[in-house]
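K.L.:
for reference, the sequence and a predicted model appear below.
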Amino acid sequence: MLAIFPTPDERFSPGCDAVPDPRPDDARWCVYRGGDLLLAAAPDDGPPGLLDAAAAAGLSLTRTHHVGRLDGHPVLAGEVAPGAALPDGLIESNLRAASSVLRPAEWSAAALASQVLHWDRTTRFCGDCGSTMSQPDPRERARRCGQCGHVVYPRVSPCVIVLVHDGERLLLTRQASWPAGRYGLVAGFVEAGESLEACVRREVDEETGLCVDDIAYQGSQPWPFPHQLMVGFFARYTGGEVLLRDGELEDARWFEPGAMPTLPPRLSIARSLIEHFLQGGR
Ligand SMILES: [Zn+2]
């Protein structure tokens, strides 16, 4: 399996056990302001990290949730108002960009916090009758309508991500919005009524015009933009010519192992799938 996630000794354990103290002294905080993650600058010019209890103490936090444990510390998610001033020593970062500075376990915690806060923000009212929703039990991540009993759990949207290979070479794709020179993999949402395997065939066909077989599961990764579960596969090329026909991609082409372009960021399953293939993991 892919080595995407942190090693066990520093692993983040997701969960929502009730924290008796709403602001535990040993907490680590994943705080967002207007969609960006707040980080504490390191005093010694080291990489920034999640906020500890002291750093979070001066913030006016709303929408707080316990999201798990990190290195034995409770991890909490919270938000501050979009225009809130930041105390000295705090910086803000896009969550994707934070993957280049946070430890993998820290980033996993921040990613789940982002997803839980999104769920909280978007389930204030019942989608069935329009009444106010609440979370009656902090140990269960479920919001319930006080009028009709409708229950909403955090949404998880499955997506496939596929490395298409043909002998030694692999197919990489590029979206126009990505940084110059960066390539990634075919990916797309699973449609209602569709199997993962059928989705792999459809997405590869729609995005590149190619046919594949020998679809093999490699690993998965929660991807909180805002609530995907990326399910990674290798698939063997069986025929067709590259044809960009759905307008989603700017380019798709074959690459040889010795001539790779700029790859997706670390901590992404796309990067892990490509590295796993290049290391002979077929
Ligand atoms: Zn309702």
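P.N.:
Done, it's in.

K.L.:
when you work out contacts or count neighbours from here on, use the C-alpha atoms and nothing else.
P.N.:
Fine.

K.L.:
can you name the residues that contact residue 211?
P.N.:
201, 204-205, 237-240 (CA atoms under 8 Å, 6 or more residues apart in numbering).

K.L.:
quick check: residues of the chain near the ion?
P.N.:
126, 129, 145, 148 (CA under 5 Å from the ion).

K.L.:
the first one: neighbour count?
P.N.:
Right, residue 126. Close neighbours of residue 126, defined as other CA atoms under 10 Å, add up to 22.

K.L.:
quick one: residue 143 and residue 151 touch, right?
P.N.:
Yes: in this structure residue 143 lies within contact range of residue 151 using CA atoms under 8 Å: 5.6 Å.

K.L.:
looking at those two, which one has more neighbours?
P.N.:
residue 143 (25 against 17).

K.L.:
bridged to the more buried one, which residues?
P.N.:
residue 152 (DSSP bridges).

K.L.:
pLDDT score for it?
P.N.:
You'll see residue 143 listed with a pLDDT of 96.

K.L.:
now residue 206
P.N.:
Looking at residue 206, its pLDDT is 93.

K.L.:
got it, and residue 44?
P.N.:
82.

K.L.:
now for it, how many residues are close by?
P.N.:
Neighbour tally, residue 44, other CA under 10 Å: 7.

K.L.:
so it: helix, strand or coil?
P.N.:
coil (DSSP: H, G, I helix; E, B strand; the rest coil).

K.L.:
residue 89 versus that one, what's the distance?
P.N.:
Per CA to CA, to the nearest Å, residue 44 is found 12 Å from residue 89.

K.L.:
what helix or strand is residue 267 located in?
P.N.:
Under DSSP states H and E, no helix or strand contains residue 267.

K.L.:
let me redo that: residue 75
P.N.:
Here residue 75 is assigned to strand 73-80, by DSSP H and E.

K.L.:
just residue 63 next, same as before
P.N.:
Using DSSP H and E, residue 63 falls in strand 62-70.

K.L.:
how big is the angle separating that strand from strand 73-80?
P.N.:
160 degrees (axes from the mean of the first three to the mean of the last three CA atoms, to 10 degrees).

K.L.:
so what does the helix or strand hosting residue 187 touch, helix or strand wise?
P.N.:
Secondary structure assignment for residue 187, by DSSP H and E: strand 186-189. Under the contact definition 3 or more CA pairs under 8 Å, 6 or more residues apart in numbering; DSSP states H and E, strand 186-189 sits against strand 157-166, helix 196-208.

K.L.:
okay, now the sheet partners of the shortest one, with direction.
P.N.:
The strands beside strand 157-166 in its sheet (DSSP bridges) come out as strand 169-174 (antiparallel), strand 186-189 (antiparallel), strand 228-239 (parallel).

K.L.:
ok, back up a step: which other helices and strands does the strand holding residue 63 contact?
P.N.:
strand 12-14, strand 73-80, helix 104-122.

K.L.:
for that strand, buried residues please.
P.N.:
Buried residues in strand 62-70, defined by neighbour count with 16 or more other CA atoms under 10 Å: 64-70.
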